[in-house]
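**Q** The following block contains a protein sequence and its predicted model.
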Amino acid sequence: MKHGFFNLSAWILAVMLLASPFLFAAQAQMKEDIVPFAGPPKEWTTYQSSIRFSTDEKHLAYVCRKEKKFAVIFDGKMSAAYDGISQDSPFLSPDGAHVAYRVVKGDKWYVVRDGKEEAAYQAGSSLFFSPDSKNLAYIAQKNKLEFAMVVDGKEKPGYSGVVKDSVLFSPDSARLGYVVYKDKKLILVIDGKLSPQYDELSHFIFSPDSKRYAYMAKLENKWLMFVDGKEEASSEMMGGYSFSPDSRRLAYSLVEDGKWRMVIDGKKGPAYDRVSNATFSSDSRRTVYGVMKGKLSSMVVDGNNERSFEEIKYLTFSPDSKHCVYSARDGKKQFMVVDGKVGEPYDTVYIPVFSADSQHLGFRAQKGERWLVVMDGKEGKAYDNVISPVFSPDDKHIAYFAQKGGVWVVVRDGKEEGSVYAQLASPVWSPDSAHLACLAGVSGLGGAGDTWRVLVDGQKAKTVFSGFLGLPPLIFDDPKHIRSLAQRLPGPEFVRYNLTLP
């Protein structure tokens with residue numbers, strides 16, 4: 001009997017090891033790597049509102065002060081001290097490799113780029129880096145009557161004024177446009193070439209491929225639509241305008257005989273009391289825009305006016321451009337409308353989310369006092385609250401957070417996972433769809449005493465922080481490595497926080 005029992009135990013153990021290869025691996029701790037960013041020197045105080053992180057979360061810049069002097073610290077290196085630094089400084093380039101800021105020295109303003117002072121001016125505007133991070137533009141006041149655009153330290157011709165919010169680089173960084181004042185009129189400057197003078201001038205846009213541009217201008221009580229410098233239409237009033245993703249198409253709205261019409265590819269649509277901005281599908285072939293007749297709203301999809309509702313919002317195309325979805329309300333009930341078909345009624349429906357392959361659609365909905373996730377038309381379990389679902393990269397899994405009894409739990413593929421927490425935030429899947437990471441609030445309910453840690457597949461990381469920064473705050477560099485920026489108190493101290501999964 002003893003001998004037989006021994007064999008059975010060994011057999012059971014062998015089966016456990018063969019059947020559950022990750023049984024003990026699940027207990028392995030994630031490896032943490034914490035690298036603090038350099039703080040200010042002793043007796044210098046950091047301005048919290050000035051803290052800037054690069055989008056890749058590798059660079060940090062901020063303004064600090066000691067008595068009556070100010071300086072910028074970029075990646076631990078301190079600039080010269082100045083009499084003042086603008087409140088909107090510092091500015092980081094899109095790639096995070098360059099820093100610029102406006103400073104006061106004596107009675108003059110200077111722009112400092114990567115530690116080098118440019119020419120002195122009476123005043124200056126906000127700074128604008130090009131998308132490729134190679135160029136820097138700003139507006140400089142030369143004297144009481146003259147302002148100039150400065151690009152990479154070189155002045156462009158001066159004018160009586162430059163519109164601050166008009167400065168725009170093209171997506172490829174090769175072109176620059178801005179609006180100037182001359183003789184009390186407005187002029188658009190594109191690539192150094194001046195447009196005619198106008199009484200009013202709306203914002204201008206570049207096409208996604210940077211080859212085209214469009215703007216609206218008012219002259220003698222008429223609004224004019226210009227495309228690539230040529231007048232295309234005129235009206236007593238005009239609305240928003242946009243290029244298609246492939247840059248070949250343009251849509252805008254205008255008023256004709258007191259009614260609004262959408263103009264797409266130069267062709268006017270039917271008349272309505274109101275129209276919204278048009279949206280192009282990702283393949284640029286399809287269009288959709290909202291219209292109103294009386295008190296009712298409807299969507300015009302590819303030129304076809306669909307059913308009317310009391311309210312419409314949350315519009316999206318599927319990634320493959322084949323499906324158009326929006327939410328609608330009639331009375332006290334709301335619906336999700338998919339390709340013109342009205343779904344089940346709910347008390348509330350929120351933003352629709354497609355899987356990357358466009359085969360699945362999910363959204364959060366309210367039914368009575370309970371909330372649930374609706375996936376491909378099927379209702380999930382009802383909770384006190386839920387967040388919008390997140391699809392895995394391979395489109396085979398879905399995750400969301402659900403609240404029950406005042407605490408939150410992770411729900412993966414319809415099943416609750418791990419412990420409950422005071423708060424959960426920022427779910428993200430690994431590139432191979434094998435892991436789900438998020439932030440878990442381990443104390444407090446939104447107050448100053450909150451502490452947070454990373455949660456991966458239900459397993460808690462060891463270190464707790466006062467907060468995480470960046471959008472998104474967690475980034476998978478590969479299936480096994482997560483990086484983030486975190487904050488620790490007191491201080492605050494900012495750190496690079498990296499996790500290596502078992």
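**A** That came in fine, so what should we check first?
**Q** Identify the residue nearest Glu311 in space, chain neighbours excluded?
**A** Arg329 (4.1 Å; C-beta to C-beta, 6 or more residues apart in numbering). For glycine as for every other residue, the C-beta is placed from the backbone atoms N, C-alpha and C.
**Q** pLDDT score for that neighbour?
**A** What the model reports as pLDDT for Arg329 is 98.
**Q** helix/strand/coil for it?
**A** For Arg329, the assignment made with DSSP: H, G, I helix; E, B strand; the rest coil gives strand.
**Q** was I right about Lys332 contacting Tyr346?
**A** No - if you go by C-beta atoms under 8 Å, Lys332 and Tyr346 don't touch, sitting 10.3 Å apart.
**Q** Settle it for me: which of the two has more neighbours?
**A** Neighbour tally, Lys332 and Tyr346, criterion other C-beta atoms under 10 Å: the higher count belongs to Tyr346, 22 against 9.
**Q** Show the contacting residues for the closest residue in space to the more buried one that isn't next to it in sequence.
**A** Spatially, and ignoring its direct neighbours in sequence, Tyr346 is nearest to Ala365 (4.2 Å; C-beta to C-beta, 6+ apart). Residues near Ala365 by C-beta atoms under 8 Å, 6 or more residues apart in numbering: 334, 346-350, 371-374, 379.
**Q** can you pull the contacts of Lys367?
**A** When contacts are counted by C-beta under 8 Å, 6+ apart, Lys367 touches 346-347, 379, 382.
**Q** Just among the residues you listed, which is most surrounded?
**A** Neighbour-wise, the contacts of Lys367 (other C-beta under 10 Å) top out at Tyr346, 22 neighbours.
**Q** So what pairs up with it in the strands?
**A** Note on Tyr346: beta-bridge partners by DSSP bridges are Gln334.
**Q** my guess is it meets Asp330, correct?
**A** No - the pair Tyr346 and Asp330 does not pass the contact test of C-beta under 8 Å, sitting 11.8 Å apart.
**Q** Okay, Leu424 and Arg453: tell me how far apart.
**A** Taking C-beta to C-beta, to the nearest Å as the measure, Leu424 falls 11 Å from Arg453.
**Q** So for the two, which sits in the more crowded spot?
**A** Taking neighbours as other C-beta under 10 Å, Leu424 and Arg453 compare with Leu424 leading, 22 against 17.
**Q** before we move on, what SS does that one have?
**A** Secondary structure, three-state DSSP: Leu424 is strand.
**Q** residue contacts, Ser125?
**A** Neighbour list for Ser125: 138-140, 162, 164, 167 [criterion: C-beta under 8 Å, 6+ apart].
**Q** With Gly414 instead?
**A** By C-beta under 8 Å, 6+ apart, the residues touching Gly414 are 380-381.
**Q** Write the PyMOL selection for whichever of the contacts of Ser125 are buried.
**A** To isolate the buried subset of those in PyMOL, counting by 16 or more other C-beta atoms under 10 Å, use the following:
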select buried, resi 138+139+140+162+167
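**Q** Please tabulate the contacts of Ser125 in a markdown table, including the columns pLDDT and secondary structure.
**A** As requested, these are exported to a markdown table (pLDDT from 0 to 100; DSSP: H, G, I helix; E, B strand; the rest coil):
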| residue | pLDDT | secondary structure |
| --- | --- | --- |
| Tyr138 | 96 | strand |
| Ile139 | 95 | strand |
| Ala140 | 95 | strand |
| Val162 | 94 | strand |
| Lys164 | 86 | helix |
| Val167 | 96 | coil |
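**Q** Any figure for the gap between the residue lying closest to Asp413 once chain neighbours are set aside and Met375?
**A** Nearest non-adjacent residue to Asp413, counting by C-beta to C-beta, 6+ apart: His397, 5.5 Å away. From His397 across to Met375, the span is 11 Å (C-beta to C-beta).
**Q** Good, wrapping up.
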